[in-house]
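Chemist: what's the 3D shape of this:
(one chain, ligands or ions: 1)
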Amino acid sequence: MNIFETIDKTEHEEVVFCHNKDVGLKAIVAIHNTVLGPALGGLRMWPYATEQEALNDVLRLSRGMTYKASVSGLNLGGGKSIIIGDPKQDKSEELFRAFGRFIDSLGGRYITAEDVGIDVNDMEYVFQETEYVVGVHQVHGGSGDPSPFTALGTYQSIKASLEKKYGNQNVGDYAYAVQGVGHVGIELVKLLHADGAKIFVTDINQEAVQECVDKYGCEAVGLDDIYQVDADVYSPCALGATVNDETIEQFKFDVVCGSANNQLAETRHGDELEKRGIVYAPDYAVNAGGLMNVSIELQGYNKDRATRMTRNIYYNIKRIFDIADRDGIATWKAADRMGEERIQKIGKVKLPYMGQRRVNFSGRSKNGGS
Ligand code: NAD
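Modeler: This next block holds a predicted model:
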């Protein structure tokens, strides 16, 4: 494995290999870009078949976080970490505490959080060794379940997409095909239902589907039938790569907008949607509500602020559509461009020497104080 060549291609700032033989820790922290702020991204635990596979995954995921934070207007960079191991049998207090100490040694350049294979109890151990963690338990000032925020962001993105397609963002005037009614999907169904929308749902979990039928008047459809229902909006909230050669041919939709990660099997499928006049709201900008929510923990968690910030996703998506129009490109590409432009512009905001801040102004008030 030629590590420097690999890192060079992906333009990472720093990649840290963490090893503690005594506790069985093999972890990689990838810091992609910190121009906008500290790199924030989750910790994933996975039984990777090879070290190369683990490295590729953490590099890919951390790069994605840079773009996500940037298009979301956050003052955060992109990073991610992985632990090589089986989450079902390799977890221990000492493993996560050792990992926490490595994170602490990075001095805040990287802030970790939960991701696949990790739960809030694992984060408790990490938190014992470092402050640089978000998504901690609510008893420690954590932000709790991000799914309602991710759903709210998806709902706002749907509005922006309807506006783009029809010049009318009245959600209740349209029909929706929601694939996956788990944590995010069910919250989205509630929001759509409150607006009086017609909703089709599908899920491998039949209980979840039944709840949508009974409580929110949804129509249940088969797993493979969701791609061809007569709806205006397709909202993938389950898995990735569901916009592909096979499914696009079945679409009667005008809009694709959901919370799932990596919805396009390949970027050319984003171009294909564009060609067919189907508005695609780029997934990583749509589903940033969870990241926004957790980022508020860094200033002291406040639900109202998280809600306000998440509502702004509407404007982020509109800006992406504007860039797509400005440059004559597909929306998936416009999202990347918006992310890169912000990093370039903010990177130029270099202050001249500002002196040493020896005076503590924190006790003063602009109104004269007390
Ligand atoms: P979840 O696991 O709670 O829900 C996913 C649902 O999809 C489950 O009910 C599952 O049964 C269903 N499903 C699985 N395979 C399916 C299939 N073939 N057809 C139909 N349904 C299927 O996950 P979630 O937290 O609701 O997240 C949904 C998506 O949004 C995921 O892709 C996730 O990566 C993404 N996402 C979630 C968040 C968040 O805050 N939870 C944030 C960003 C992105």
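Chemist: wait, what's in contact with residue 257?
Modeler: Each residue near residue 257 by C-beta atoms under 8 Å, 6 or more residues apart in numbering is listed here: 154, 157-158, 161, 233-235, 279-281, 286. All C-beta atoms are positioned from the backbone trio N, CA, C, and that covers glycine.
Chemist: how about it: what's its closest non-neighbour residue?
Modeler: With C-beta to C-beta, 6 or more residues apart in numbering as the criterion, residue 257 has its nearest non-adjacent residue at 4.0 Å, and that residue is residue 281.
Chemist: so that neighbour is in contact with residue 255, correct?
Modeler: Yes. With contact defined as C-beta atoms under 8 Å, residue 281 counts as touching residue 255 (7.3 Å).
Chemist: comparing the two, which shows the higher neighbour count?
Modeler: The neighbour count for residue 281 versus residue 255, taken as other C-beta atoms under 10 Å, is higher for residue 281 (29 against 25).
Chemist: quick one: residues contacting that one.
Modeler: Residue 281 sits next to 157-158, 160-161, 255-257, 317, 320, 331 when contact means C-beta under 8 Å, 6+ apart.
Chemist: one more: residue 156?
Modeler: For residue 156, the contact set (C-beta under 8 Å, 6+ apart) comprises 310-314, 317.
Chemist: again, only this time at 10 Å
Modeler: 169, 191, 257, 281, 286, 289, 310-318 (C-beta atoms under 10 Å, 6 or more residues apart in numbering).
Chemist: go on, residue 210?
Modeler: Contacts of residue 210 by C-beta under 10 Å, 6+ apart are 201, 203, 218, 220.
Chemist: only whichever of the residues you listed are buried, select them in PyMOL.
Modeler: Buried residues within the contacts of residue 210, by 16 or more other C-beta atoms under 10 Å, are selected in PyMOL with:
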select buried, resi 201+203+218
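Chemist: and the contacts of residue 210 near the ligand, which?
Modeler: When contact is defined as C-beta under 6 Å from any ligand atom, these meet the ligand at residue 203.
Chemist: reformat the contacts of residue 210 as JSON lines; add secondary structure and distance to residue 342.
Modeler: Converted to JSON lines, the contacts of residue 210 look like this (DSSP: H, G, I helix; E, B strand; the rest coil; distance: C-beta to C-beta, whole Å):
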{"residue": "201", "secondary structure": "strand", "distance to residue 342": "36"}
{"residue": "203", "secondary structure": "coil", "distance to residue 342": "36"}
{"residue": "218", "secondary structure": "coil", "distance to residue 342": "38"}
{"residue": "220", "secondary structure": "strand", "distance to residue 342": "42"}
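Chemist: just give me the closest of the contacts of residue 210 to the ligand.
Modeler: Of all the contacts of residue 210, the ligand sits closest to residue 203, with 4.2 Å by C-beta to the nearest ligand atom.
Chemist: show me what from the stretch 1-150 of the chain comes close to the ligand.
Modeler: Residues of the stretch 1-150 of the chain lying near the ligand (C-beta under 6 Å from any ligand atom): 146-147, 150.
Chemist: okay but residue 204 is in contact with residue 185, surely?
Modeler: No. Using C-beta atoms under 10 Å, residue 204 makes no contact with residue 185, being 12.0 Å away.
Chemist: for these two, indicate the residue with more neighbours.
Modeler: residue 185 (28 against 10).
Chemist: quick one: mean pLDDT over stretch 253-264.
Modeler: Stretch 253-264 shows a mean pLDDT of 97.
Chemist: give me the common contacts of residue 204 and residue 185.
Modeler: residue 238.
Chemist: all strands for the protein, in order.
Modeler: Secondary structure of the chain (DSSP state E): strands at 14-20, 25-33, 39-40, 43-46, 77-84, 110-111, 175-179, 198-202, 219-220, 233-236, 255-256, 279-280.
Chemist: turn those into CSV, columns for distance to residue 208.
Modeler: Shown next, in CSV, are the strands of the chain (distance: least, C-beta to C-beta, whole Å):
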stretch, distance to residue 208
strand 14-20, 38
strand 25-33, 34
strand 39-40, 30
strand 43-46, 25
strand 77-84, 29
strand 110-111, 32
strand 175-179, 11
strand 198-202, 8
strand 219-220, 10
strand 233-236, 15
strand 255-256, 22
strand 279-280, 26
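Chemist: check contacts around residue 240.
Modeler: Residue 240 sits next to 260-265, 283 when contact means C-beta under 10 Å, 6+ apart.
Chemist: in helices, which of those residues fall?
Modeler: Residues of the contacts of residue 240 located in helices (DSSP state H): residue 283.
Chemist: coming back round to it: got a markdown table for the residues of the stretch 1-150 of the chain next to the ligand, with neighbour count too?
Modeler: A markdown table is the format used below for these (neighbours: other C-beta atoms under 10 Å):
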| residue | neighbour count |
| --- | --- |
| 146 | 23 |
| 147 | 20 |
| 150 | 27 |
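Chemist: list the contacts of the single nearest residue of the chain relative to the ligand.
Modeler: Relative to the ligand, the nearest point of the chain is residue 182 (1.8 Å; C-beta to the nearest ligand atom). Residue 182 sits next to 147, 203-205, 208, 237-238, 259 when contact means C-beta under 10 Å, 6+ apart.
Chemist: change it to 8 Å
Modeler: Residue 182 sits next to 203, 205, 208, 237-238 when contact means C-beta under 8 Å, 6+ apart.
Chemist: nearest to residue 269 among these?
Modeler: Nearest to residue 269 among the contacts of residue 182: residue 238, at 17.0 Å, using C-beta to C-beta.
Chemist: which non-adjacent residue is nearest that closest one?
Modeler: Closest to residue 238 by C-beta to C-beta, 6+ apart is residue 180, at 2.6 Å.
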